[in-house]
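Student: sequence plus predicted model, see below.
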Amino acid sequence: MKNLESMGALALGSRLKRLSELLFRQGDEFYRQKGIDFQARCFPLLQLLCSHGSLSVTELAELLGQSHPAISQMSKKLQAQGWLYHEIDAKDERRRLLAVTPQGYELVDEMKPHWQKLKKVLDGILEVSQNDLINNIELMERALASSSLGERVERLEKQVRRDQVEIIHFEPMYGDDFYRLNHHWLSKYFYVEAIDHEVLSNPQEKILAHGGFILLARLSGEIIGTAALIVASDNRLELSKMSVDERFQGFGIGEKLALAAISQYQATDFSLLYLESNRKLLPALNLYQKLGFRERPAPFDNSHYSRADIYMEFIE
């Protein structure tokens with residue numbers, strides 16, 4: 001059975017229309033996700049008015065290559081939302097011009113960061129098939145069908161947020177943050193055991209003084225995550241006290257902390273890196289598995305954590 005794809009360039013107009021509708025639909029959905037009541041197809045009109053100050057419907061139709069009724073319909077929607085208004089042409093009182101309201105300029109300022117991300121996402125798709133229009137259309141259709149604009153921007157935002165996070169070493173001024181983040185995590189999933197309270201309350205004495213390390217994730221001056229390497233017997237290090245602020249979970253910050261902890265271990269003379277966890281923490285276990293930790297029989301009879309039911313060692 002023939003389809004548009006099999007017709008090649010002969011169906012270019014239909015292919016472009018289908019692609020534009022897909023982009024408009026996903027663009028509208030993206031704006032809704034961001035809490036903005038804006039239609040993607042109105043973007044060029046609003047941008048032109050911001051650039052020119054004011055234009056007539058006829059001028060907008062010519063610049064956009066669209067019909068006069070289509071421009072009128074879009075402009076009426078933007079007027080109804082308070083983003084455009086009509087003014088009289090100072091040179092010709094018979095001409096009515098469209099211009100952007102102060103609220104419209106506020107909207108544009110709010111939208112600029114989102115437009116920059118959308119452009120980056122779309123440029124990334126097009127880079128795969130440069131200078132080939134038909135292949136680019138097919139590529140964009142497949143790409144947007146598998147992952148929408150909103151999903152792609154979300155991934156981009158996560159990566160940007162993760163890149164902004166710096167991993168630093170513990171300082172006494174961050175003692176309250178170290179306690180707060182770990183206490184909250186333990187209280188949410190289990191409960192704070194005596195050994196937890198002792199270590200969290202005295203990180204300098206219980207971890208650092210014995211040759212261990214505490215790593216912190218800092219974003220814009222705020223501590224949002226922790227990880228500790230605690231010296232154990234037989235020249236081993238335990239990866240412990242992994243916690244990320246709930247507001248920043250899902251951005252890959254836990255992975256960034258764990259990778260930094262592994263790098264810290266590799267720079268030492270310790271013979272083994274291990275951790276203890278609980279099998280119900282599937283996301284955490286999947287991360288540990290991804291980073292090279294493997295389940296092994298515990299070398300001790302009883303863990304010092306009552307919640308622990310799995311022992312894993314880092315395999316280089």
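Tutor: Structure's in. What do you need? All of these numbers come straight from a predicted model, not from anything done at the bench.

Student: any idea of the mean pLDDT in stretch 223-234?
Tutor: Here stretch 223-234 scores 92 as its mean pLDDT.

Student: tell me where the stretch 101-250 of the chain has helices.
Tutor: Remark: helices assigned in the stretch 101-250 of the chain by DSSP state H, counting those that start in this stretch are 102-127, 133-146, 149-164, 175-189, 194-201, 203-206.

Student: got the contact list for the residue nearest the centre of the chain?
Tutor: For the chain, the residue whose C-alpha lies nearest the mean C-alpha position (C-alpha atoms, centre = their mean) is Lys158; its distance is 2.1 Å. Taking C-beta atoms under 8 Å, 6 or more residues apart in numbering, we find Lys158 in contact with Gly250, Phe251, Gly252. Every residue, glycine included, has its C-beta placed from N, CA and C.

Student: one step back: least reliable of the helices of the stretch 101-250 of the chain going by mean pLDDT?
Tutor: helix 133-146 (a mean of 77).

Student: and that one, which residues are buried?
Tutor: By neighbour count, and taking 16 or more other C-beta atoms under 10 Å as the criterion, the buried residues in helix 133-146 are Asn136, Ile137, Leu139, Met140, Glu141, Ala143, Leu144.

Student: before we move on, the earlier item: can you redo the helices of the stretch 101-250 of the chain as CSV with distance to Leu49?
Tutor: Conversion of these to CSV gives the following (distance: least, C-beta to C-beta, whole Å):
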stretch, distance to Leu49
helix 102-127, 8
helix 133-146, 28
helix 149-164, 24
helix 175-189, 47
helix 194-201, 57
helix 203-206, 57
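
Student: looking at those helices, which is closest to Ser20?
Tutor: Evaluated over the helices of the stretch 101-250 of the chain, closeness to Ser20 peaks at helix 133-146, with 10.4 Å, by C-beta to C-beta.

Student: surely Ser303 meets Ser277?
Tutor: No: using C-beta atoms under 8 Å, Ser303 is not in contact with Ser277; the gap is 10.3 Å.

Student: higher neighbour count, those two?
Tutor: Shown here are Ser303 and Ser277; by other C-beta atoms under 10 Å, Ser277 has more neighbours (21 against 13).

Student: show me what contacts the more buried one?
Tutor: For Ser277, the set of contacting residues under the criterion of C-beta under 8 Å, 6+ apart consists of Ala284, Leu285, Tyr288, Ala308, Ile310, Met312.

Student: I'd like the distance between Leu291 and Asp163.
Tutor: With the distance defined as C-beta to C-beta, to the nearest Å, Leu291 ends up 19 Å from Asp163.

Student: which one of these two has more residues nearby?
Tutor: Comparing Leu291 with Asp163 by other C-beta under 10 Å, the one with more neighbours is Leu291, at 14 against 11.

Student: the closest residue to the more buried one other than its chain neighbours and Ser277, how far apart?
Tutor: By the measure of C-beta to C-beta, 6 or more residues apart in numbering, the closest residue to Leu291 outside its immediate chain neighbours is Ala258, 5.6 Å from it. Here the criterion is C-beta to C-beta. By it, Ala258 lies 12 Å from Ser277.

Student: just to revisit the earlier point, phi first, then psi, for the residue nearest to Leu291.
Tutor: phi -60, psi -40 (degrees, to the nearest 10).

Student: count the neighbours of it for me.
Tutor: 23.

Student: contacting residues around it?
Tutor: Under the criterion of C-beta under 8 Å, 6+ apart, the contact list for Ala258 reads Ala227, Leu239, Met242, Leu287, Tyr288, Leu291.

Student: the first one contacts Leu237, correct?
Tutor: No: at 11.6 Å, Ala227 does not count as touching Leu237 under the criterion of C-beta under 8 Å.

Student: shared neighbours of those two, which are they?
Tutor: Contact criterion C-beta under 8 Å, 6+ apart; no residue bridges Ala227 and Leu237 by contacting each.

Student: what helices and strands are in contact with the longest strand that the chain contains?
Tutor: Counting by DSSP state E, the longest strand found in the chain is strand 222-232. The criterion is 3 or more C-beta pairs under 8 Å, 6 or more residues apart in numbering; DSSP states H and E, and the helices and strands that strand 222-232 contacts are helix 175-189, strand 213-219, strand 236-244, helix 253-266.

Student: for that strand, C-alpha coordinates in CSV please.
Tutor: The C-alpha trace of strand 222-232 is given here as CSV (Å, rounded to 0.1, in the frame of the first residue of the first chain):
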residue,chain,number,x,y,z
GLU,A,222,22.7,25.6,48.1
ILE,A,223,23.7,22.1,49.2
ILE,A,224,21.3,19.7,47.4
GLY,A,225,23.0,16.3,47.7
THR,A,226,25.5,14.3,49.8
ALA,A,227,27.6,11.1,49.5
ALA,A,228,30.2,9.7,52.0
LEU,A,229,33.0,7.3,51.8
ILE,A,230,33.4,5.7,55.2
VAL,A,231,36.6,3.8,56.2
ALA,A,232,35.8,0.2,57.1
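
Student: perfect, I'm done here.
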